[in-house]
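Colleague: After the sequence you'll find the predicted model.
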2 protein chains.
Amino acid sequence: MGIIERKEREREEMRRLIVEGARHLFVANGYEKVSIRNIAEAIEYSPATIYLYFKDKNEILYAVHSQAFGKMMEEFRPIFTIDDPFERLVEMGRRYMLFAVENPELFDIMFIVTAPMETLECREDIWSEGRIAFNMLVQVVQDCIKAGIFKVEDAEVAAMMIWSNIHGHTALFLRKRMMMFPEERRQVLMTEAFTLFCDTMKKGLN
Amino acid sequence: MGIIERKEREREEMRRLIVEGARHLFVANGYEKVSIRNIAEAIEYSPATIYLYFKDKNEILYAVHSQAFGKMMEEFRPIFTIDDPFERLVEMGRRYMLFAVENPELFDIMFIVTAPMETLECREDIWSEGRIAFNMLVQVVQDCIKAGIFKVEDAEVAAMMIWSNIHGHTALFLRKRMMMFPEERRQVLMTEAFTLFCDTMKKGLN
DNA sequence: CTTGTTTACTAAACAGTGTTCAGTATGTTT
DNA sequence: AAACATACTGAACACTGTTTAGTAAACAAG
């Protein structure tokens, strides 16, 4: 009898429904303004029901975060058709920033808000989504080393340096720390600083 | 009669009391776990009283943020005794990261949490604290240009690039996005990536 | 078909949040 | 002493995340 299998499917379907509802509300209203009650109302269930499928709000955040990583990976896919490893690296950075600007709420949950990381801490789990994405970057850096464009010993250290730079731009921008610059200067400053970083890498990392 | 002057002083004293209380609680318990009621209790006043001195919670956050900037500037002061402009720049970055690690809650309020920036948006004020600190960095970059260490047209663009890198490290670390690395590797990765960035600048920015 | 048991769900409550407002008590002025 | 202004607060409002006791439906066994 496939009853327990069906129940398992239904349970999975319900989790999906909650995560989808949550994601929609996050994207529409911003993560800070979404409550469990809002999510419950959106999917037409009682707030208590949500707690039968998720331990707490952080766990929902984590589920949305994981889904968002899938979306970002999708948008990274076309990069791997680029032959030149350095151009591939530059395009990867560009897409990271683009993803952040186009999906600020998702980016927030993925890389800035601490709440989803809390679920990892109780289980002593590793942050696999982050690990996978970072490994992708390390791979591209290693390709740059093989091609003789970079001359560094530790590809992970170089990857960390690059990630920090790109992430710094986006984090400062999204968290409104470029408010001291007038609107149009902000955009110019970001793209110019990014270009300068790429040039500096090409000249400096060999 | 100096009555209104005294009242003005008392008012200022009360604001100071609230900000001090708030800062203490933020540092002790983390900004997210501190409520207006907690602050009120700590200074032995009713929650409603706080609203006679601050428009809302964001305004308290902003006041704490401003005070924290003063503290950081203090810790930047010794830098200006360093003769070599590049070394001065490196030391500035090092102290930015050090301040973040030693005062995570204050750094959060200064550079990551959006709440204090909200008070700037209603008044169309510029973020003067950020502007001043950034100008300091621009100045050091300009010194590097004058000394012939850097060869870039726009010192602000270079400063932005440098700030992004340093801030990226700290933001990723504080917001627990280096959880995919084992404890000891985290520390090594951060310092090595910082060193690599400094080396890359020296080679690449000329 | 009727039991008993498990499952899925929810109303209501708990303890908290930021914020507002009517009311009081004190200080100042006339 | 009366009138007014200031400083403060208790209580409320509309929320928040989360738990619990209780209900109704789905299923299993006799």
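Modeller: Yep, that arrived. All of these numbers come straight from a predicted model, not from anything done at the bench.

Colleague: Can you name the residues that contact A:Arg131?
Modeller: The contact partners of A:Arg131, by Cβ atoms under 8 Å, 6 or more residues apart in numbering or on different chains, come to B:Met180. Every residue, glycine included, has its C-beta placed from N, CA and C.

Colleague: Now it: which helix or strand?
Modeller: A:Arg131 belongs to helix A:128-146 when assigned by DSSP states H and E.

Colleague: Can I get that helix in CSV? Just the C-alpha atoms.
Modeller: In CSV, the C-alpha atoms belonging to helix A:128-146 read as follows (Å, rounded to 0.1, in the frame of the first residue of the first chain):
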residue,chain,number,x,y,z
SER,A,128,26.9,23.3,1.4
GLU,A,129,25.2,25.9,-0.9
GLY,A,130,28.0,28.4,-0.2
ARG,A,131,30.6,25.7,-0.5
ILE,A,132,29.4,24.7,-4.0
ALA,A,133,29.2,28.2,-5.2
PHE,A,134,32.7,29.1,-3.8
ASN,A,135,34.2,25.9,-5.4
MET,A,136,32.9,27.1,-8.7
LEU,A,137,34.9,30.3,-8.2
VAL,A,138,37.9,28.4,-7.1
GLN,A,139,37.7,26.3,-10.3
VAL,A,140,37.7,29.4,-12.5
VAL,A,141,40.7,30.9,-10.6
GLN,A,142,42.5,27.6,-11.1
ASP,A,143,41.8,27.8,-14.8
CYS,A,144,43.4,31.3,-14.7
ILE,A,145,46.4,29.8,-13.0
LYS,A,146,46.7,27.0,-15.5
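
Colleague: elements contacting the following helix or strand past that helix?
Modeller: Downstream of helix A:128-146, the next assigned helix or strand under DSSP H and E is helix A:155-174. Helix A:155-174 sits against helix A:85-102, helix A:104-107, helix A:128-146, helix A:183-204, helix B:155-174, helix B:183-204, with contacts defined as 3 or more Cβ pairs under 8 Å, 6 or more residues apart in numbering or on different chains; DSSP states H and E.

Colleague: switch the cut-off to 6 Å
Modeller: With contacts taken as 3 or more Cβ pairs under 6 Å, 6 or more residues apart in numbering or on different chains; DSSP states H and E, helix A:155-174 sits against helix A:85-102, helix A:128-146, helix B:155-174, helix B:183-204.

Colleague: Quickly compare the ones you listed and say which is most buried.
Modeller: Counting by mean count of other Cβ atoms under 10 Å in any protein chain shown, helix B:155-174 has the highest mean neighbour count of these, with a mean of 24.

Colleague: May I have the residues that are in contact with A:Val157?
Modeller: B:192-193, B:196 (Cβ atoms under 6 Å, 6 or more residues apart in numbering or on different chains).

Colleague: which residue packs closest to it, ignoring adjacent ones?
Modeller: Of all residues not flanking A:Val157 in the chain, B:Glu192 sits nearest, at 4.5 Å (Cβ to Cβ, 6 or more residues apart in numbering or on different chains).

Colleague: How about A:Trp163?
Modeller: A:Trp163's closest residue in space is A:Leu137 (Cβ to Cβ, 6+ apart), at 6.1 Å.

Colleague: burial measure for A:Asn103, as a count.
Modeller: Neighbour count for A:Asn103, taken as other Cβ atoms under 10 Å in any protein chain shown: 17.

Colleague: What of A:Asp154?
Modeller: A total of 16 residues lie near A:Asp154 under the criterion other Cβ under 10 Å.

Colleague: Distance-wise, check it relative to B:Glu91.
Modeller: 24 Å (Cβ to Cβ, to the nearest Å).

Colleague: that older thread, give me the pLDDT value at the residue nearest to A:Val157.
Modeller: We have a pLDDT of 98 for B:Glu192.

Colleague: How about A:Glu10?
Modeller: 91.

Colleague: Okay, and it sits in which element?
Modeller: helix A:3-29.

Colleague: go on, A:Leu52?
Modeller: Taking DSSP H and E as the definition, one finds A:Leu52 inside no helix or strand.

Colleague: any idea of the mean pLDDT in the very next helix or strand once past the helix holding A:Glu10?
Modeller: With elements assigned by DSSP H and E, the helix or strand that comes after helix A:3-29 is helix A:36-42. Here helix A:36-42 scores 98 as its mean pLDDT.

Colleague: Which residues does the helix or strand following helix A:36-42 contact?
Modeller: Under the assignment DSSP H and E, the closest C-terminal helix or strand after helix A:36-42 is helix A:47-50. Outside of helix A:47-50, the residues within contact range by Cβ under 6 Å, 6+ apart are A:18, A:36-37, A:40.

Colleague: Kindly report the residues of chain A close to DNA strand D.
Modeller: With the criterion set to Cβ under 7 Å from any atom of the strand, chain A comes near DNA strand D through A:1, A:3, A:6, A:34-38, A:47-48, A:51, A:56-58.

Colleague: Going through those, which ones are buried?
Modeller: A:34, A:36, A:57-58 (16 or more other Cβ atoms under 10 Å in any protein chain shown).

Colleague: Can you give me the pLDDT of A:Gly168?
Modeller: At A:Gly168, the pLDDT value in this model is 98.

Colleague: ok, it touching B:Ser164?
Modeller: Yes - at 3.3 Å, A:Gly168 and B:Ser164 qualify as touching, with contact defined as Cβ atoms under 6 Å.

Colleague: what about A:Cys181, neighbour count?
Modeller: Not quite, residue A:181 is Phe, not Cys. With other Cβ under 10 Å as criterion, A:Phe181 counts 19.

Colleague: And it, how far from DNA strand D?
Modeller: According to Cβ to the nearest atom of the strand, to the nearest Å, A:Phe181 and DNA strand D sit 34 Å apart.

Colleague: can you pull the pLDDT of that residue?
Modeller: Listed pLDDT for A:Phe181 reads 96.

Colleague: can you tell me how far it sits from chain B?
Modeller: A:Phe181 sits 9 Å away from chain B, going by Cβ to the nearest Cβ, to the nearest Å.
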